[in-house]
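Asks: Okay, sequence plus prediction incoming.
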Amino acid sequence: MPGLHHVVIVGAGFGGLSAAQELAGAAVRITIIDQRNHHLFQPLLYQVGTAALATSEIAWPIRFLMRKRKEVTTLLGTVCGVDMRNRCVKLQDGATVAFDTLVLATGARHAYFGHDEWEPFAPGLKTLEDATSIRRRVLLSLERAERETDPARRAALLTFAIVGGGPTGVELAGAIVELVYQNLVGEFRRIDTRKARVLLIEAGPRLLPAFAPDLSAYALRALDRLGVEVQLGSPVTDCNSSGVRIGDQTVAADVIVWAAGVRASPAAAWLDAPSDPAGRVKVEPDLTVQGHPEIFVIGDAATINVWHGKPAPGIAPAAKQQGIYVARTIKRRLRGDSQPRAFRYRHAGDLATIGKRSAVIDFGWCKLKGWLAWWVWGLAHIYFLIGLRNRLAVALSWLWIYLTGNRSACLITQVDHNPKSP
Ligand SMILES: Cc1cc2nc3c(=O)[nH]c(=O)nc-3n(C[C@H](O)[C@H](O)[C@H](O)COP(=O)(O)OP(=O)(O)OC[C@H]3O[C@@H](n4cnc5c(N)ncnc54)[C@H](O)[C@@H]3O)c2cc1C
């Protein structure tokens, strides 16, 4: 199809995949480039990190998703630049891919507020590798505690600190505390996992700042009931091999998880475009780069004030809506209508779960909390998974955990074969 308009989509996350799906049937050929071979359902990553779900239940090979779309070519590769003059993207291996229209949907990663040296001690949660690494750290820490004779060292091995009280931090804390206080009880002989400390550290005055204050207060009470120690107004000042430092207090902890900040992928640098402090490209109202109507940036990599004068939030529905909008704009242009129309964002609501029996949902016009919110949260997430097999698998895994308390994915993988390791 060499004569067809060529759309290159970089990143097959929520934004890029939605653009590709919405372009079905259009007179275009599409090349999707991603540095990973799978699309990932990030909202359930924390469940892989806490041994509730297996990796294959929340990720799908992009090639498989696009197998029936003959006009779509999928390439595994890492983009490292854009040659705007010659209209091509540059890959790390030196290859180039020419485009007529470019959609950059490369997302964001966690950020350490200028302290990248904290990352080895406090990994974030963004990829499947991050999730299995957190699962390994949590389970290894328990294994080491089982063999530790020094009480202070054992206490550090049984302390799990999560930095950041947004939805990811709240969900991780709830899931880790249930793992150690309920699911693993009775499996160890020398330690009582119910003696573990799960700490959630938040710099701001309340948890879930994007939610209504009464829902934040509910989340705090629900976590407290589960046994999570929440520290509010506590900016972290250091993370190192001994633990986490909050002000002048050090908490000895072997497992620290970072759920605090995000930094956009380097799309702004590739395009030499203006960006906000988190590195997101400041896009035009039609999501294009200033002076380049053929280049769109969407999702977590972009910022635009379309939500009551504020930027669209960094959540999956915003990225999906932008992907669909871009695909429709491309189709309109191919029909000869080049009149730019502004992207409009519709906010569906904010959701966060607290353990396996409680959640908070803020639709704006209606707020839900407790078990009813948990059911709405669960059904929404199952609905948004791709394919019947995964929906059934996740629903079955949750039902199994709910009824029996057994988490089937308590596997330590990618172990460091150091003779000192257990
Ligand atoms: C742990 C976690 C939990 C979350 N929970 C929720 C939730 O409950 N609800 C919600 O709505 N949102 C949630 N989010 C946010 C949501 O996942 C993001 O807003 C959404 O994924 C953004 O979509 P995107 O398409 O912009 O980027 P992504 O979905 O991150 O996709 C980016 C893609 O680009 C690829 N890529 C990146 N750089 C390159 C490169 N240089 N070359 C090639 N490919 C590249 C990546 O491999 C990836 O496939 C969560 C995020 C995380 C990390």
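Replies: Received, thanks.
Asks: Residues of the chain that sit close to the ligand?
Replies: Proximity of the chain to the ligand, by C-beta under 6 Å from any ligand atom, involves residues 10-16, 33-36, 42-43, 45-46, 78-79, 105-107, 125-126, 167-168, 265, 299-301, 314-317, 319. No exception for glycine: its C-beta is placed from N, CA and C like everyone else's.
Asks: Just the ones in helices from those residues, please.
Replies: Among those, the residues falling in helices (DSSP state H) are 14-16, 45-46, 167-168, 316-317, 319.
Asks: out of everything not next to it in sequence, what's closest to R144?
Replies: Nearest in space to R144, with sequence neighbours left out and distances taken as C-beta to C-beta, 6 or more residues apart in numbering, is L157 at 5.2 Å.
Asks: for the one you found, what are its contacts?
Replies: By C-beta atoms under 8 Å, 6 or more residues apart in numbering, the contact set of L157 is 141-142, 144-145, 148, 254.
Asks: try 6 Å
Replies: Shown in contact with L157 (C-beta atoms under 6 Å, 6 or more residues apart in numbering): 141, 144-145, 148, 254.
Asks: quick one: low-confidence ranges for the stretch 251-400 of the chain?
Replies: The model of the stretch 251-400 of the chain has no residue with pLDDT under 70.
Asks: got the CA coordinates for stretch 324-332 in PDB?
Replies: Extracted in PDB, the C-alpha atoms of stretch 324-332 (Å, rounded to 0.1, in the frame of the first residue of the first chain):
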ATOM      1  CA  ILE A 324      -9.900   8.600  19.300                       C
ATOM      2  CA  TYR A 325     -10.000  12.400  18.700                       C
ATOM      3  CA  VAL A 326      -6.700  12.300  16.800                       C
ATOM      4  CA  ALA A 327      -7.900   9.300  14.600                       C
ATOM      5  CA  ARG A 328     -11.100  11.200  13.800                       C
ATOM      6  CA  THR A 329      -9.100  14.400  12.900                       C
ATOM      7  CA  ILE A 330      -6.900  12.400  10.600                       C
ATOM      8  CA  LYS A 331     -10.000  10.800   8.900                       C
ATOM      9  CA  ARG A 332     -11.600  14.300   8.500                       C
END
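Asks: buried set for it?
Replies: 324-327, 329-331 (16 or more other C-beta atoms under 10 Å).
Asks: Return the member of those residues nearest to A393.
Replies: Closest approach to A393 among those (C-beta to C-beta): I324, at 27.0 Å.
Asks: Not counting sequence-adjacent ones, nearest residue to that closest one?
Replies: In this structure, I324 finds its nearest non-sequential neighbour in E22, 4.7 Å apart by C-beta to C-beta, 6+ apart.
Asks: correct me, but that neighbour touches Y325?
Replies: No - taking contacts as C-beta atoms under 6 Å, E22 lies outside contact range of Y325: 8.6 Å.
Asks: And the strands in the stretch 301-422 of the chain?
Replies: Using DSSP state E, counting those that start in this stretch, the strands of the stretch 301-422 of the chain run over 302-303, 305-307, 310-311, 350-354, 358-362, 367-370.
Asks: what would the ones you listed look like in JSON lines with mean neighbour count?
Replies: Below are those laid out as JSON lines (neighbours: other C-beta atoms under 10 Å):
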{"stretch": "strand 302-303", "mean neighbour count": "27"}
{"stretch": "strand 305-307", "mean neighbour count": "15"}
{"stretch": "strand 310-311", "mean neighbour count": "14"}
{"stretch": "strand 350-354", "mean neighbour count": "25"}
{"stretch": "strand 358-362", "mean neighbour count": "25"}
{"stretch": "strand 367-370", "mean neighbour count": "18"}
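Asks: Of these, give the one that comes closest to L179.
Replies: Here strand 350-354 is closest among the strands of the stretch 301-422 of the chain (C-beta to C-beta), at 14.0 Å.
Asks: Could you export the closest one as CSV, CA atoms only?
Replies: The C-alpha trace of strand 350-354 is given here as CSV (Å, rounded to 0.1, in the frame of the first residue of the first chain):
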residue,chain,number,x,y,z
ASP,A,350,-11.9,8.9,39.8
LEU,A,351,-11.7,5.4,41.2
ALA,A,352,-9.4,3.8,43.8
THR,A,353,-9.7,0.5,45.6
ILE,A,354,-8.7,-0.1,49.2
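Asks: can you give me how far it is from the chain middle?
Replies: 14 Å (C-alpha atoms, centre = their mean, to the nearest Å).
Asks: by contact count, what packs against that strand?
Replies: Counting contacts by 3 or more C-beta pairs under 6 Å, 6 or more residues apart in numbering; DSSP states H and E, strand 350-354 packs against helix 167-178, strand 358-362.
Asks: and the longest one, how far out from the chain's middle?
Replies: To tie it back to what came earlier, the one meant is helix 167-178. 14 Å.
Asks: Ok, stretch 308-323 next?
Replies: 14 Å.
Asks: how close does D286 sit to W270?
Replies: Distance, D286 to W270, by C-beta to C-beta, to the nearest Å: 20 Å.
Asks: And R154, by the same measure?
Replies: 48 Å.
Asks: And I191, by the same measure?
Replies: From I191 across to W270, the span is 49 Å (C-beta to C-beta).
Asks: Likewise for W375?
Replies: With distances taken as C-beta to C-beta, W375 is found 43 Å from W270.
Asks: In terms of neighbours, single out the busier of those two.
Replies: W270 (22 against 13; other C-beta atoms under 10 Å).
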